[in-house]
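A.B. asks: just a sequence and a predicted model for now, questions to come.
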Amino acid sequence: MDLSTMLEQLAGGMVTTVEIFFVTLICSLPLGLLICFGRMSKNKILKGIVSAYVSVMRGTPLMLQLMVVYFGPYFIFGIRISRGYSLIAVFIGFAINYAAYFAEIYRGGIESMPAGQYEAAQILGYSKSQTFFRIILPQVIKRILPSITNEVITLVKDTSLAFVVSVAEMFTIAKQIASAQTTMTPFLVAAIFYYIFNLIVAVAMNKIEKMMNYYK
(Lines give C-alpha, C1' and ligand atoms only; values in the text may rest on other atoms or scores of the structure.)
Protein backbone atom coordinates (compact mmCIF):
# COMPACT_ATOMS: atom_id res chain seq x y z
CA MET A 1 0.00 0.00 0.00
CA ASP A 2 1.45 3.36 -1.03
CA LEU A 3 1.43 6.41 1.25
CA SER A 4 -1.36 8.24 -0.60
CA THR A 5 -3.73 5.27 -0.26
CA MET A 6 -2.84 4.93 3.42
CA LEU A 7 -3.49 8.62 4.05
CA GLU A 8 -6.80 8.39 2.21
CA GLN A 9 -7.95 5.56 4.48
CA LEU A 10 -6.72 7.33 7.60
CA ALA A 11 -8.52 10.51 6.54
CA GLY A 12 -11.88 8.79 7.01
CA GLY A 13 -10.88 7.86 10.54
CA MET A 14 -9.67 11.40 11.18
CA VAL A 15 -13.12 12.74 10.30
CA THR A 16 -14.72 10.38 12.81
CA THR A 17 -12.18 11.37 15.49
CA VAL A 18 -12.88 15.08 14.98
CA GLU A 19 -16.62 14.39 14.99
CA ILE A 20 -16.41 12.57 18.35
CA PHE A 21 -14.33 15.42 19.75
CA PHE A 22 -16.70 18.25 18.80
CA VAL A 23 -19.95 16.42 19.63
CA THR A 24 -18.55 15.54 23.06
CA LEU A 25 -17.59 19.15 23.77
CA ILE A 26 -20.89 20.58 22.53
CA CYS A 27 -22.85 18.18 24.73
CA SER A 28 -20.65 17.84 27.82
CA LEU A 29 -19.83 21.50 28.53
CA PRO A 30 -23.45 22.66 29.09
CA LEU A 31 -24.41 19.30 30.64
CA GLY A 32 -21.51 19.68 33.06
CA LEU A 33 -22.88 23.04 34.20
CA LEU A 34 -26.30 21.50 34.89
CA ILE A 35 -24.67 18.67 36.83
CA CYS A 36 -22.67 21.25 38.76
CA PHE A 37 -25.91 22.98 39.80
CA GLY A 38 -27.27 19.63 40.99
CA ARG A 39 -24.04 18.94 42.88
CA MET A 40 -24.35 22.29 44.67
CA SER A 41 -28.11 22.01 45.24
CA LYS A 42 -29.55 22.44 48.74
CA ASN A 43 -31.89 19.53 48.01
CA LYS A 44 -30.14 16.62 49.71
CA ILE A 45 -31.75 13.96 47.52
CA LEU A 46 -30.80 15.68 44.26
CA LYS A 47 -27.32 16.45 45.57
CA GLY A 48 -26.88 12.82 46.63
CA ILE A 49 -27.96 11.43 43.27
CA VAL A 50 -25.74 13.82 41.31
CA SER A 51 -22.78 13.23 43.64
CA ALA A 52 -23.15 9.46 43.15
CA TYR A 53 -23.28 9.94 39.38
CA VAL A 54 -20.12 12.05 39.39
CA SER A 55 -18.38 9.53 41.63
CA VAL A 56 -19.24 6.62 39.31
CA MET A 57 -18.25 8.49 36.15
CA ARG A 58 -14.90 9.55 37.62
CA GLY A 59 -14.26 6.27 39.41
CA THR A 60 -14.75 3.82 36.53
CA PRO A 61 -12.88 3.56 33.20
CA LEU A 62 -14.31 5.35 30.19
CA MET A 63 -13.82 2.15 28.20
CA LEU A 64 -16.15 0.29 30.59
CA GLN A 65 -18.73 3.07 30.43
CA LEU A 66 -18.74 2.90 26.62
CA MET A 67 -19.40 -0.82 26.77
CA VAL A 68 -22.27 -0.35 29.24
CA VAL A 69 -23.86 2.34 27.06
CA TYR A 70 -23.46 0.15 23.96
CA PHE A 71 -24.56 -3.22 25.33
CA GLY A 72 -26.88 -1.94 28.07
CA PRO A 73 -30.00 -1.44 25.92
CA TYR A 74 -29.88 -5.10 24.81
CA PHE A 75 -28.89 -6.83 28.06
CA ILE A 76 -31.00 -4.64 30.37
CA PHE A 77 -34.05 -3.78 28.23
CA GLY A 78 -33.88 -6.40 25.47
CA ILE A 79 -33.65 -3.71 22.77
CA ARG A 80 -31.89 -4.89 19.63
CA ILE A 81 -28.83 -2.83 18.73
CA SER A 82 -28.46 -1.59 15.17
CA ARG A 83 -25.03 -1.18 13.58
CA GLY A 84 -25.53 2.57 13.43
CA TYR A 85 -25.89 2.72 17.20
CA SER A 86 -22.13 2.32 17.74
CA LEU A 87 -21.31 5.97 17.02
CA ILE A 88 -24.33 7.19 19.00
CA ALA A 89 -23.17 5.09 21.96
CA VAL A 90 -19.74 6.72 21.71
CA PHE A 91 -21.31 10.19 21.72
CA ILE A 92 -23.43 9.33 24.77
CA GLY A 93 -20.60 7.64 26.65
CA PHE A 94 -18.11 10.42 26.07
CA ALA A 95 -20.63 13.17 26.84
CA ILE A 96 -21.78 11.78 30.19
CA ASN A 97 -18.20 10.96 31.21
CA TYR A 98 -16.70 14.34 30.41
CA ALA A 99 -19.72 16.19 31.79
CA ALA A 100 -18.88 14.75 35.22
CA TYR A 101 -15.31 16.07 35.03
CA PHE A 102 -16.41 19.46 33.74
CA ALA A 103 -19.02 19.65 36.52
CA GLU A 104 -16.32 19.34 39.18
CA ILE A 105 -14.20 21.96 37.42
CA TYR A 106 -17.18 24.34 37.30
CA ARG A 107 -17.94 23.66 40.97
CA GLY A 108 -14.40 24.45 42.02
CA GLY A 109 -14.48 27.71 40.07
CA ILE A 110 -17.86 28.80 41.42
CA GLU A 111 -16.99 27.99 45.02
CA SER A 112 -13.76 29.99 44.72
CA MET A 113 -15.66 33.22 44.08
CA PRO A 114 -15.82 35.66 47.02
CA ALA A 115 -19.22 35.85 48.73
CA GLY A 116 -18.95 39.64 48.63
CA GLN A 117 -19.64 39.68 44.91
CA TYR A 118 -23.03 38.04 45.44
CA GLU A 119 -23.87 40.49 48.21
CA ALA A 120 -22.81 43.50 46.12
CA ALA A 121 -24.92 42.29 43.17
CA GLN A 122 -27.92 41.85 45.47
CA ILE A 123 -27.54 45.43 46.73
CA LEU A 124 -27.41 46.66 43.12
CA GLY A 125 -30.71 44.92 42.43
CA TYR A 126 -29.50 41.95 40.39
CA SER A 127 -31.53 38.75 40.54
CA LYS A 128 -29.78 35.46 41.33
CA SER A 129 -29.73 34.40 37.67
CA GLN A 130 -28.46 37.82 36.52
CA THR A 131 -25.74 37.73 39.19
CA PHE A 132 -24.58 34.30 38.12
CA PHE A 133 -24.62 34.70 34.35
CA ARG A 134 -23.50 38.34 34.11
CA ILE A 135 -21.02 38.61 36.98
CA ILE A 136 -19.96 35.23 38.36
CA LEU A 137 -19.86 32.92 35.32
CA PRO A 138 -17.50 35.07 33.16
CA GLN A 139 -15.01 35.20 36.03
CA VAL A 140 -15.39 31.48 36.70
CA ILE A 141 -14.69 30.69 33.04
CA LYS A 142 -11.49 32.74 33.24
CA ARG A 143 -10.36 30.85 36.34
CA ILE A 144 -11.13 27.35 35.08
CA LEU A 145 -9.82 27.68 31.51
CA PRO A 146 -6.46 25.99 32.29
CA SER A 147 -8.27 22.98 33.81
CA ILE A 148 -10.73 22.89 30.91
CA THR A 149 -7.82 22.97 28.47
CA ASN A 150 -6.25 19.93 30.13
CA GLU A 151 -9.51 17.97 29.86
CA VAL A 152 -10.00 18.98 26.23
CA ILE A 153 -6.49 17.81 25.35
CA THR A 154 -7.18 14.52 27.13
CA LEU A 155 -10.39 14.19 25.12
CA VAL A 156 -8.46 14.33 21.85
CA LYS A 157 -6.43 11.30 22.94
CA ASP A 158 -9.39 9.47 24.51
CA THR A 159 -11.23 9.39 21.17
CA SER A 160 -9.10 6.33 20.38
CA LEU A 161 -11.17 4.37 22.93
CA ALA A 162 -14.10 4.34 20.50
CA PHE A 163 -12.66 1.11 19.07
CA VAL A 164 -14.21 -0.88 21.96
CA VAL A 165 -17.67 -0.50 20.37
CA SER A 166 -16.41 -1.01 16.80
CA VAL A 167 -16.26 2.64 15.76
CA ALA A 168 -13.52 3.01 13.15
CA GLU A 169 -11.88 6.24 14.26
CA MET A 170 -8.38 7.10 13.11
CA PHE A 171 -6.35 5.06 15.59
CA THR A 172 -8.42 1.94 14.89
CA ILE A 173 -7.81 2.28 11.16
CA ALA A 174 -4.10 2.90 11.82
CA LYS A 175 -3.92 -0.36 13.79
CA GLN A 176 -5.70 -2.26 11.02
CA ILE A 177 -3.35 -0.96 8.34
CA ALA A 178 -0.27 -1.54 10.51
CA SER A 179 -1.34 -5.13 11.16
CA ALA A 180 -2.11 -5.85 7.51
CA GLN A 181 0.97 -4.15 6.08
CA THR A 182 3.39 -4.88 8.98
CA THR A 183 4.57 -1.28 9.09
CA MET A 184 4.81 1.43 11.73
CA THR A 185 3.98 4.23 9.28
CA PRO A 186 0.25 4.40 10.16
CA PHE A 187 1.13 4.84 13.84
CA LEU A 188 3.56 7.62 12.94
CA VAL A 189 0.86 9.38 10.91
CA ALA A 190 -1.61 8.96 13.79
CA ALA A 191 0.91 10.38 16.26
CA ILE A 192 1.48 13.43 14.04
CA PHE A 193 -2.26 13.97 13.70
CA TYR A 194 -2.88 13.79 17.45
CA TYR A 195 0.02 16.14 18.13
CA ILE A 196 -1.15 18.72 15.57
CA PHE A 197 -4.75 18.45 16.79
CA ASN A 198 -3.69 19.00 20.40
CA LEU A 199 -1.42 21.87 19.36
CA ILE A 200 -4.34 23.58 17.62
CA VAL A 201 -6.52 23.05 20.71
CA ALA A 202 -3.82 24.45 23.02
CA VAL A 203 -3.29 27.54 20.84
CA ALA A 204 -7.05 28.15 20.55
CA MET A 205 -7.58 27.82 24.30
CA ASN A 206 -4.62 30.13 24.96
CA LYS A 207 -6.20 32.79 22.74
CA ILE A 208 -9.51 32.42 24.56
CA GLU A 209 -7.69 32.78 27.87
CA LYS A 210 -6.07 36.02 26.67
CA MET A 211 -9.46 37.32 25.55
CA MET A 212 -10.73 36.72 29.09
CA ASN A 213 -7.96 38.84 30.64
CA TYR A 214 -10.58 41.54 31.11
CA TYR A 215 -11.77 39.59 34.16
CA LYS A 216 -8.39 39.62 35.95
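C.D. replies: That came in fine, so what should we check first? Numbering: from 1, shown residues only.

A.B. asks: from Lys142, how far out is the residue nearest to Ala95 when sequence neighbours are not counted?
C.D. replies: Distance criterion Cβ to Cβ, 6 or more residues apart in numbering; nearest residue to Ala95, sequence neighbours excluded, is Cys27 at 3.9 Å. No exception for glycine: its C-beta is placed from N, CA and C like everyone else's. Distance of Cys27 to Lys142, given as Cβ to Cβ, to the nearest Å: 23 Å.

A.B. asks: likewise for Ile123?
C.D. replies: Distance from Ile123 to Lys142, by Cβ to Cβ: 24 Å.

A.B. asks: ok, the two, which is more surrounded?
C.D. replies: Taking other Cβ atoms under 10 Å, Ile123 and Lys142 do not tie; Lys142 has more neighbours (18 against 8).

A.B. asks: contacting residues around stretch 182-198?
C.D. replies: Applying Cβ atoms under 8 Å, 6 or more residues apart in numbering, the contact partners of stretch 182-198 are 3, 6-7, 10, 14, 17-18, 21, 153, 156-157, 170-171, 173-175, 177-178.

A.B. asks: what segments of this protein are strands?
C.D. replies: For the chain, no strands are identified by DSSP state E.

A.B. asks: residues touching the residue sitting nearest the centre point of it, list them.
C.D. replies: The centre of the chain sits closest to Tyr98, judged by Cα atoms, centre = their mean, with a distance of 4.1 Å. Going by Cβ under 8 Å, 6+ apart, Tyr98 touches 24-25, 28, 32, 151, 155.

A.B. asks: now for these: which two are most distant?
C.D. replies: Gly32 and Leu155 (12.4 Å; Cβ to Cβ).

A.B. asks: of the contacts of Tyr98, which is the most crowded?
C.D. replies: Most neighbours among those, by other Cβ under 10 Å: Gly32, with 26 neighbours.

A.B. asks: tell me where the model's unsure across this protein.
C.D. replies: Counting by pLDDT under 70, the chain shows low-confidence ranges at 1, 214-216.

A.B. asks: 80 instead?
C.D. replies: Along the chain, segments meeting pLDDT under 80 span 1-3, 77-79, 81-84, 212-216.

A.B. asks: just the helices in it please.
C.D. replies: Secondary structure of the chain (DSSP state H): helices at 3-39, 44-59, 62-77, 85-111, 115-123, 128-130, 137-158, 170-181, 185-211.

A.B. asks: just give me the neighbour total for Val203.
C.D. replies: 10.

A.B. asks: sorry, that was for Ile45
C.D. replies: Ile45: 8 neighbours (other Cβ under 10 Å).

A.B. asks: what's the answer for Tyr194, then?
C.D. replies: Counted with other Cβ under 10 Å, Tyr194 comes out at 18.
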